[in-house]
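A.B. asks: Please find the sequence and the predicted model below.
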Amino acid sequence: MQHNGLRFDGEQLRLARLTFGLSLEQIATEVSATRQYIHQLETGARSPADGMIEALADALGVQSKFFFMTGASNVGPEQCHFRKQLTTPASVTSQVLARGTLLDRLAEQLGHRLSLPSVNFPDIPVDSLDDVERAAEETRRYWRLGSDGPITNMTRVVENAGAIVTYFHGLSERVDALSMDRPRPIIVRSDAKASLCRQRFDLAHECGHLVMHRGVETGDKRTETQAHFFAGAFLFPRGAFLRDYPRGRSLNWAVLFQLKLRWKISVRAMVRRAFDLGVIDAAQYRTANIQIVKTGQAKNEKYDDKLPLDQPELLDKAIDFLSKNSHHGLHTLADDMGFASGMFKLLTGNSLHSVRPIFDDPKVIMLDSRKR
């Protein structure tokens, strides 16, 4: 089957199917076909008739021409810093990579239409944990964040550095935060987490991967330990930590929770940071964690409800503008990518039919760099 001289691309069908997390059996049921037939379409062994193409498009929230648009390279496992990659089912990993591939293509198209923040992540390879500490300090300097004060908005920090921060709706219970090392990095947060401190730590963790592990396959204990260490060092720099952390034979919980409110880092992460820096010993660290678990604060700590969550801005602001611009409009973007409303909604959380306010600058998407 051809469309304007192009052949049906089974990989595009597979990409759309996996993006929605559908099995061969599930999509076959949707279009009244067999699993074997869908598999043959995806492998190029058969070509679909016009009616089947339309049915597949309707089922997958794309336009028929999507299946004839051979895209750029897909996101590969080595480009995806996936915290639970070793233990996550292959079907979920495939869904993450497929959704990331289409979001990556969307980000590329947005970059052609709008002046998004320049991608500006430093590249700092590391070996030891001392290297990781220095990498966190250097990244703060590189982004002019200072070394003795808390970061106000971690989401805005990475978005100002050019990353797109988003959620993968429907995957929150099965995957944790992850990042994709693409020309415009993508950081995916879990929307299941109600704690600002945990979300900030996740973002800093993924930031660590993007800074330290370019071209390095991650997901093992070594790289995850490095990214965790980076997150603590980035959010609460060594000098400031040694200055502010309360010393004593027993932990001063009242002071720790006051530090939490100021630095927006969990008490559990602070205790780990204290252990990593040699401020407390193994026995104190173990006692502290027992107390945290005993008081029911392993996942939700005191004051979590006092710290409102930060929300991603860059992708929504870009879409907000395009929805009101007739020349570089949202529908033109979707049409160029072969997306219908279903796929666009899944990838962005936004409707193609939204009416949103226009922004001041007609083409430049800016974030407030002062609020970081």
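C.D. replies: On my side now, so go ahead. Numbering: from 1, shown residues only.
A.B. asks: Please report how far the residue nearest to residue 200 when sequence neighbours are not counted lies from residue 273.
C.D. replies: Using Cβ to Cβ, 6 or more residues apart in numbering and skipping the chain neighbours, the partner closest in space to residue 200 is residue 154 (4.3 Å). The way it works is simple: take the backbone N, C-alpha and C, and place the C-beta from them, glycine included. Distance, residue 154 to residue 273, by Cβ to Cβ, to the nearest Å: 16 Å.
A.B. asks: Now stretch 146-157: buried residues?
C.D. replies: If you call a residue buried by 16 or more other Cβ atoms under 10 Å, then stretch 146-157 has these buried ones: 150-151, 153-157.
A.B. asks: For it, measure first residue to last.
C.D. replies: One end of stretch 146-157 sits 13 Å from the other (Cα to Cα, to the nearest Å).
A.B. asks: still on that earlier bit, what distance do you get for the residue nearest to residue 200 to residue 195?
C.D. replies: 13 Å.
A.B. asks: now swap in residue 176 and tell me
C.D. replies: Distance from residue 176 to residue 195, by Cβ to Cβ: 13 Å.
A.B. asks: Widest-spaced pair of the buried residues of stretch 146-157?
C.D. replies: Spanning the widest gap among the buried residues of stretch 146-157 are 150 and 155, at 14.2 Å by Cβ to Cβ.
A.B. asks: thinking again about what came up before, mark which of the buried residues of stretch 146-157 are part of helices, please.
C.D. replies: 154-157 (DSSP state H).
A.B. asks: quick one, helices of the stretch 101-250 of the chain?
C.D. replies: For the stretch 101-250 of the chain, helices defined by DSSP state H, counting those that start in this stretch occupy the ranges 129-142, 154-160, 196-212, 221-235, 238-244.
A.B. asks: Now do the buried residues in the fourth one.
C.D. replies: Burial within helix 221-235, assessed by neighbour count using 16+ other Cβ under 10 Å, is assigned to 223-224, 226-235.
A.B. asks: Taking those, tell me the two that lie furthest apart.
C.D. replies: 223 and 235 (18.8 Å).
A.B. asks: Quickly list the domain ranges of the chain.
C.D. replies: Structurally, the chain divides into domains by automatic domain parsing as follows: 2-68, 75-372.
A.B. asks: weakest of these by average pLDDT?
C.D. replies: Of all these, domain 75-372 carries the lowest average pLDDT, namely a mean of 88.
A.B. asks: give the contact list for residue 66.
C.D. replies: Residue 66 is in contact with 12, 16, 57, 337-339, 343, counting by Cβ atoms under 8 Å, 6 or more residues apart in numbering.
A.B. asks: One more pass at 7 Å, please.
C.D. replies: Residues counted as contacts of residue 66 (Cβ atoms under 7 Å, 6 or more residues apart in numbering) are 12, 16, 57, 338.
A.B. asks: which one is the first one nearest to, not counting chain neighbours?
C.D. replies: Using Cβ to Cβ, 6+ apart and skipping the chain neighbours, the partner closest in space to residue 12 is residue 67 (4.9 Å).
A.B. asks: Who are the contact partners of the one you found?
C.D. replies: Counted by Cβ under 7 Å, 6+ apart, residue 67 has contacts 8-9, 12-13, 53.
A.B. asks: Ok, residue 123 next?
C.D. replies: residue 214.
A.B. asks: start to end distance for stretch 292-301?
C.D. replies: Stretch 292-301: ends 8 Å apart by Cα to Cα.
A.B. asks: Now do that stretch: distance to the chain's middle.
C.D. replies: 26 Å (Cα atoms, centre = their mean, to the nearest Å).
A.B. asks: Same check on stretch 297-317?
C.D. replies: Put simply, stretch 297-317 sits 15 Å off its chain's centre (Cα atoms, centre = their mean).
A.B. asks: swap in stretch 131-143?
C.D. replies: Taking Cα atoms, centre = their mean, one finds the center of stretch 131-143 at 21 Å from the center of the full chain.
A.B. asks: Also stretch 264-283?
C.D. replies: That offset, for stretch 264-283, works out to 26 Å (Cα atoms, centre = their mean).
A.B. asks: and what of stretch 231-243?
C.D. replies: Taking mean C-alpha positions (Cα atoms, centre = their mean), stretch 231-243 and its chain are 24 Å apart.
A.B. asks: go on, stretch 108-116?
C.D. replies: The answer for stretch 108-116 is 19 Å, by Cα atoms, centre = their mean.
A.B. asks: ditto for stretch 107-118
C.D. replies: 17 Å.
A.B. asks: helix or strand for residue 278, which one?
C.D. replies: Using DSSP states H and E, residue 278 is not contained in any helix or strand.
A.B. asks: What number of residues are in the vicinity of the nearest residue to residue 292 once chain neighbours are set aside?
C.D. replies: Excluding its sequence neighbours, the residue lying closest to residue 292 (Cβ to Cβ, 6+ apart) is residue 268, at 5.5 Å. Other residues within reach of residue 268, judged by other Cβ atoms under 10 Å, total 21.
A.B. asks: Find the helix or strand that residue 268 is a member of.
C.D. replies: Applying DSSP H and E, one finds residue 268 within helix 267-276.
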